[in-house]
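Chemist: the sequence and its predicted three-dimensional model are supplied below.
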Amino acid sequence: MVRRPRRETPVGSSEALRLVEVTKTYGDAENAVTALDGVNLSLPAGSFTAVMGPSGSGKSTLLQCAAGLDRPDHGRVVVDGEEMTGGSEAALTKFRRQRIGFVFQQYNLLPTLTVAQNTVLPLKLAGRRVDRARTEEILAGVGLADRMEHHPDKLSGGQRQRVAIARALVTEPSVVFADEPTGALDTRSARDVLRLLQGSVRLHGRTVVMVTHDPMAASYADSVVFLADGRLAGQLNAPTVDAVAERLAHLGDSVNDEMQAGV
Ligand SMILES: Nc1ncnc2c1ncn2[C@@H]1O[C@H](COP(=O)(O)OP(=O)(O)OP(=O)(O)O)[C@@H](O)[C@H]1O
């Protein structure tokens, strides 16, 4: 049965994403790894949030569960006032196509499709109308209007990631999730990508959640949430590169202390 998503907050609510006690464990009972341990998070619409933490702290798992690419074992994910957890795979896929945009570290463009075709693929998959003027507009927004008929192998890494951002934004999603979007890029291309993500929030009111290891990347966000051992371990508003680096160093300290103490 396809369960209708439950509306949790009034229409027009300014909360774009809510996680309630989200828990995710991998492996069987003997080798269980708790990747997320009761995470609660509320992000307002029109915000840019970076997620940081030591390796293995659960950042990618958080993104996958929040984006509906994976299901938590317990807890709820609410996007734009509608519960995403529960329901059939088909309902989840439909919900994701309507409400979620995703940007991956390795771009994930289809090599046989042109830039324009890659960009509008989410619209086609959702059975929505594809408008040439809209395609031109969205690609102009990422500085690639003159590359519409090119294939991805003719583009630089930074240009490929800009196509991926256009593809994530084309459906006007409630939340865009980006997993290390600048991880494979040089500093200049990384800054271009970060400015685009920031602009999508500031100019167009999108909500962006970005996992990153890089304090420079995180400094483009409005706030940073830190994870350690699958739990939230603090938040930093208006982050600067230095403040992020310092907070991360201390997170690392506490994890290292625990490891040395055999906790
Ligand atoms: N498919 C899986 N099967 C088993 N364990 C997993 C799986 N995916 C993640 N884990 C474990 O869950 C924990 C959290 O992993 P996750 O990838 O979310 O961390 P991360 O903070 O994104 O790490 P990194 O910064 O290294 O990418 C880790 O201990 C990891 O080994």
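Modeler: Looks like it arrived, so ask away.
Chemist: what does the stretch 1-150 of the chain have sitting close to the ligand?
Modeler: 26-27, 33, 35, 53, 55-61 (CB under 6 Å from any ligand atom). The C-beta positions use only the backbone N, C-alpha and C, and glycine is treated the same way.
Chemist: all strands of this protein, in order?
Modeler: Ranges of strands within the chain are 15-26, 33-44, 48-52, 74-79, 82-83, 100-103, 175-179, 208-211, 223-228, 231-237, based on DSSP state E.
Chemist: any chance of those strands in TSV, plus mean pLDDT?
Modeler: What follows is the strands of the chain, written out as TSV (pLDDT from 0 to 100):
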stretch	mean pLDDT
strand 15-26	96
strand 33-44	97
strand 48-52	98
strand 74-79	95
strand 82-83	91
strand 100-103	96
strand 175-179	97
strand 208-211	98
strand 223-228	97
strand 231-237	96
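Chemist: which one, of those, ends up nearest to residue 155?
Modeler: strand 100-103 (15.2 Å; CB to CB).
Chemist: and that closest one, what does it pack against?
Modeler: In terms of contacts (3 or more CB pairs under 8 Å, 6 or more residues apart in numbering; DSSP states H and E), strand 100-103 is packed against helix 157-169, strand 175-179.
Chemist: right, and these - which one's nearest the ligand?
Modeler: Closest approach to the ligand among those is made by strand 175-179 (8.1 Å; CB to the nearest ligand atom).
Chemist: the closest one pairs with which strands, parallel or anti?
Modeler: Looking at strand 175-179 with DSSP bridges, its partner strands are strand 100-103 (parallel), strand 208-211 (parallel).
Chemist: quick one: contacts of it?
Modeler: With contacts defined as CB atoms under 8 Å, 6 or more residues apart in numbering, strand 175-179 is touched by 16-17, 43, 60, 63, 66-67, 79-80, 99-105, 168-169, 197, 200, 206-211.
Chemist: by how many degrees do that strand and strand 74-79 diverge?
Modeler: Orientation of strand 175-179 against strand 74-79 (axes from the mean of the first three to the mean of the last three CA atoms, to 10 degrees) gives an angle of 120 degrees.
Chemist: ok so, going back, pipe the strands of the chain into TSV and attach distance to residue 156 and mean neighbour count per row.
Modeler: Below are those laid out as TSV (distance: least, CB to CB, whole Å; neighbours: other CB atoms under 10 Å):
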stretch	distance to residue 156	mean neighbour count
strand 15-26	31	19
strand 33-44	31	18
strand 48-52	24	25
strand 74-79	33	19
strand 82-83	38	18
strand 100-103	16	24
strand 175-179	18	24
strand 208-211	21	26
strand 223-228	28	22
strand 231-237	32	16
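Chemist: tabulate those (CSV), appending distance to residue 136.
Modeler: Output for the strands of the chain, formatted as CSV (distance: least, CB to CB, whole Å):
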stretch, distance to residue 136
strand 15-26, 28
strand 33-44, 31
strand 48-52, 26
strand 74-79, 29
strand 82-83, 32
strand 100-103, 19
strand 175-179, 21
strand 208-211, 23
strand 223-228, 34
strand 231-237, 37
